[in-house]
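Student: sequence isn't available, so here's the structure alone:
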């Protein structure tokens with residue numbers, strides 16, 4: 001990613017100055033479950049982020065939100081520093097309060113997700129999701145009781161799968177003075193969670209939004225709605241045609257996602273607070289439901305369970321697209337740069353040390369390199385989307401390759417001054433088990449220059465034709481389509 005000052009420096013140092021301002025074999029330890037849809041099926045008005053409307057008292061009252069009118073009982077809209085939230089505010093509930101829709105979602109409900117966290121320094125509390133099919137006359141509990149204990153927003157998922165008119169109600173059930181904040185309620189239309197994974201040439205790509213990809217000035221997701229990288233980008237990807245602009249979505253890698261949809265594939269995002277899992281049939285976004293997992297510049301470290309999930313996903317046939325950034329690029333100030341996060345995944349896990357045969361260097365590179373692999377049979381560099389002849393870094397990191405650890409590791413582009421060997425690779429690939437991996441050391445080439453309001457991004461995607469070709473060829477190679 002480029003910052004304004006660094007971009008000026010990069011322009012002066014680089015040899016090239018920009019003229020502008022940057023049958024489906026799913027990897028599964030068990031049979032893939034039919035839990036994800038092939039198109040955006042969000043209910044009208046959702047996700048609900050509690051950003052519009054004002055309610056500053058706990059007394060029962062109705063407020064008009066983005067999705068419609070809700071009754072807040074023993075609840076208010078909190079905007080203090082003690083209220084966990086994305087955006088300006090979230091709903092805060094105390095005692096046995098509730099949040100209730102006063103309108104019907106007329107297209108039913110598939111999977112519903114709710115983000116939740118404890119308020120301030122309060123203790124743990126319990127809550128439940130209830131659903132009505134008779135305009136609020138009666139309600140039925142959906143799923144299990146949820147315990148909220150973290151001060152950071154987590155995501156609870158409920159498989160509702162009801163047709164017709166549906167209303168939601170979130171009930172705090174534990175009573176007492178401890179308070180809970182709720183934010184970013186998503187609801188699929190009925191049927192969105194019942195379509196089996198695509199077969200044949202149509203593949204499913206999952207873009208991670210759960211590891212700080214929106215931290216600071218970053219915007220490494222397909223689309224942002226009310227400050228959240230929601231599961232299904234909006235508007236619906238079913239509306240994308242051959243002439244649709246990448247501005248159809250608002251994330252800084254929307255050009256990549258729109259291009260994949262134009263090629264006949266499906267894209268989703270993994271929202272913040274959602275766990276990365278593999279082989280968990282109760283998680284509708286379990287990695288076993290996807291062909292390729294894309295993680296563009298993670299800013300929070302993977303947990304031990306997540307590292308195991310990612311590596312086993314690849315080992316059993318999945319594709320992993322890794323994008324790093326330069327050293328000292330810690331956007332959320334948690335002590336972890338993206339090169340360190342990737343190296344931690346590969347060096348500190350329960351599956352295998354250095355499984356992919358490369359490590360990310362702690363360097364900071366600015367250059368346009370034409371020192372690219374020329375082997376005509378390499379379909380990442382010479383695939384269906386065109387020939388890749390160069391790669392431009394605007395503050396990125398290189399990789400060191402280790403064929404002893406993994407004999408399949410292959411450099412794709414190197415620094416201009418490097419030999420095409422094991423040092424100073426700017427992009428590389430390898431296989432692990434029956435899966436495939438690609439890494440690019442800078443987030444700038446995927447940046448399409450259009451992101452969320454207030455974020456400064458640059459058009460690296462269109463900086464040269466090779467950037468789109470590299471990302472799309474690599475995506476198709478990871479999905480085993482070339």
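Tutor: That came through fine. Just so you know, these numbers come straight off a predicted model, no measurement behind them.
Student: with adjacent residues omitted, what lies nearest to residue 239?
Tutor: residue 248 (7.7 Å; Cβ to Cβ, 6 or more residues apart in numbering). (Each C-beta comes from the backbone N, C-alpha and C, glycine too.)
Student: residues contacting residue 247?
Tutor: Residue 247 is in contact with 254, 450, counting by Cβ atoms under 8 Å, 6 or more residues apart in numbering.
Student: wait, doesn't residue 425 sit right on residue 360?
Tutor: No: in this structure residue 425 lies outside contact range of residue 360 using Cβ atoms under 8 Å: 10.0 Å.
Student: who's more crowded, these two?
Tutor: Higher neighbour count among residue 425 and residue 360: residue 425, with 28 against 25, using other Cβ atoms under 10 Å.
Student: tell me what that one is bridged to.
Tutor: residue 399, residue 414 (DSSP bridges).
Student: same check, this time on the one 5 residues further on
Tutor: Here residue 430 sits in beta bridges with residue 437, as judged by DSSP bridges.
Student: same thing with residue 131?
Tutor: Beta-bridge partners of residue 131, as defined by DSSP bridges: residue 140, residue 168.
Student: roughly how far apart are it and residue 285?
Tutor: According to Cβ to Cβ, to the nearest Å, residue 131 stands 21 Å off from residue 285.
Student: neighbour count: the two, which is higher?
Tutor: The neighbour comparison of residue 131 against residue 285 (other Cβ under 10 Å) goes to residue 285, with 25 against 20.
Student: just checking, that one touches residue 231?
Tutor: Yes: counting by Cβ under 8 Å, residue 285 does reach residue 231; the two are 6.9 Å apart.
Student: which residues do those two both contact?
Tutor: With Cβ under 8 Å, 6+ apart as the test, residue 285 and residue 231 both reach 268, 270.
Student: where does residue 445 land in three-state SS?
Tutor: With DSSP: H, G, I helix; E, B strand; the rest coil as the basis, the three-state label of residue 445 is helix.
Student: if I look at it, how far off is residue 412?
Tutor: Counting by Cβ to Cβ, the gap from residue 445 to residue 412 is 12 Å.
Student: any shared contact partners between those two?
Tutor: In contact with both residue 445 and residue 412: residue 470, using Cβ under 8 Å, 6+ apart.
Student: which residues does residue 104 contact?
Tutor: By Cβ under 8 Å, 6+ apart, the neighbours of residue 104 are 135, 165-167.
Student: tell me the secondary structure of residue 407, please.
Tutor: coil.
Student: in terms of pLDDT, where does the residue lying closest to it once chain neighbours are set aside sit?
Tutor: Leaving aside its sequence neighbours, residue 407 sits nearest to residue 357 (Cβ to Cβ, 6+ apart; 7.4 Å). At residue 357, the predicted lDDT confidence score is 97.
Student: residue contacts, residue 357?
Tutor: 401-403, 405-409, 430.
Student: quick check: of those residues, which lies closest to residue 91?
Tutor: Lowest distance from residue 91 to the contacts of residue 357 (Cβ to Cβ) belongs to residue 430, with 45.9 Å.
Student: check the gap between the closest one and residue 155 for me.
Tutor: 32 Å.
Student: packing partners for the lengthiest strand in the chain?
Tutor: As assigned by DSSP state E, the longest strand anywhere in the chain is strand 90-101. Strand 90-101 sits against strand 69-78, strand 167-172, strand 180-187, with contacts defined as 3 or more Cβ pairs under 8 Å, 6 or more residues apart in numbering; DSSP states H and E.
Student: who are the packing partners of the second one?
Tutor: Counting by 3+ Cβ pairs under 8 Å, 6+ apart, the packing neighbours recorded for strand 167-172 are strand 90-101, strand 109-118, strand 125-132, strand 180-187.
Student: now the angle from the longest one to strand 180-187?
Tutor: This means strand 90-101. 50 degrees (axes from the mean of the first three to the mean of the last three Cα atoms, to 10 degrees).
Student: tell me the buried residues in strand 90-101?
Tutor: Across strand 90-101, burial judged by 16 or more other Cβ atoms under 10 Å covers 90-95, 97-101.
Student: report the distance from it to the chain centre.
Tutor: Remark: strand 90-101 is offset 28 Å from the chain centroid, using Cα atoms, centre = their mean, to the nearest Å.
Student: that strand pairs with which strands, parallel or anti?
Tutor: The strands beside strand 90-101 in its sheet (DSSP bridges) come out as strand 69-78 (antiparallel), strand 167-172 (antiparallel), strand 180-187 (antiparallel).
Student: where among those is average confidence lowest?
Tutor: Across the strands paired with strand 90-101, strand 180-187 gives the lowest mean pLDDT, at a mean of 92.
Student: which other helices and strands contact the helix or strand just after that one?
Tutor: Per DSSP states H and E, strand 180-187 leads on to strand 204-208 as the next helix or strand towards the C-terminus. Counting contacts by 3+ Cβ pairs under 8 Å, 6+ apart, strand 204-208 packs against helix 254-262, strand 266-270, strand 292-296.
Student: angle of strand 204-208 against strand 266-270?
Tutor: 30 degrees.
Student: what sits up against strand 204-208?
Tutor: 36, 38, 197-198, 221-222, 229, 253, 257, 260, 265-270, 276, 285, 287, 289-296, 298, 475, 479.
Student: hmm, back to that, okay, the angle between the longest strand of the chain and strand 125-132?
Tutor: 30 degrees.
Student: and the nearest residue to residue 272 once chain neighbours are set aside, what's its pLDDT?
Tutor: The spatially closest residue to residue 272, leaving aside those adjacent along the chain, is residue 210, at 5.3 Å (Cβ to Cβ, 6+ apart). With respect to pLDDT, residue 210 has a value of 92.
Student: now residue 210: phi and psi?
Tutor: phi -100, psi 0 (degrees, to the nearest 10).
Student: how many neighbours does it have?
Tutor: 22.
Student: now residue 142
Tutor: Neighbours around residue 142, by other Cβ under 10 Å: 18.
Student: correct me if wrong: it contacts residue 157.
Tutor: No: with contacts counted by Cβ under 8 Å, residue 142 stays clear of residue 157, the gap being 10.6 Å.
Student: do you have the helices of this structure handy? List them.
Tutor: Secondary structure of the chain (DSSP state H): helices located at 4-13, 254-262, 304-315, 338-347, 465-478.
Student: can you tell me how far residue 244 sits from residue 476?
Tutor: 19 Å.
Student: now swap in residue 109 and tell me
Tutor: Counting by Cβ to Cβ, the gap from residue 109 to residue 476 is 34 Å.
Student: low-confidence bits of the protein, can you list those?
Tutor: Of all residues in the chain, those with pLDDT under 70 make up the ranges 1-41, 191-200, 452-456.
Student: returning to what we had before: quick one: which of the buried residues of strand 90-101 is nearest residue 330?
Tutor: Among these, residue 90 lies closest to residue 330 (Cβ to Cβ), at 25.9 Å.
Student: can you pull the contacts of residue 400?
Tutor: With Cβ under 8 Å, 6+ apart, residue 400 has these contacts: 358-359, 361, 422-425.
Student: correct me, but residue 210 touches residue 276?
Tutor: Yes: with contact defined as Cβ under 8 Å, residue 210 counts as touching residue 276 (6.8 Å).
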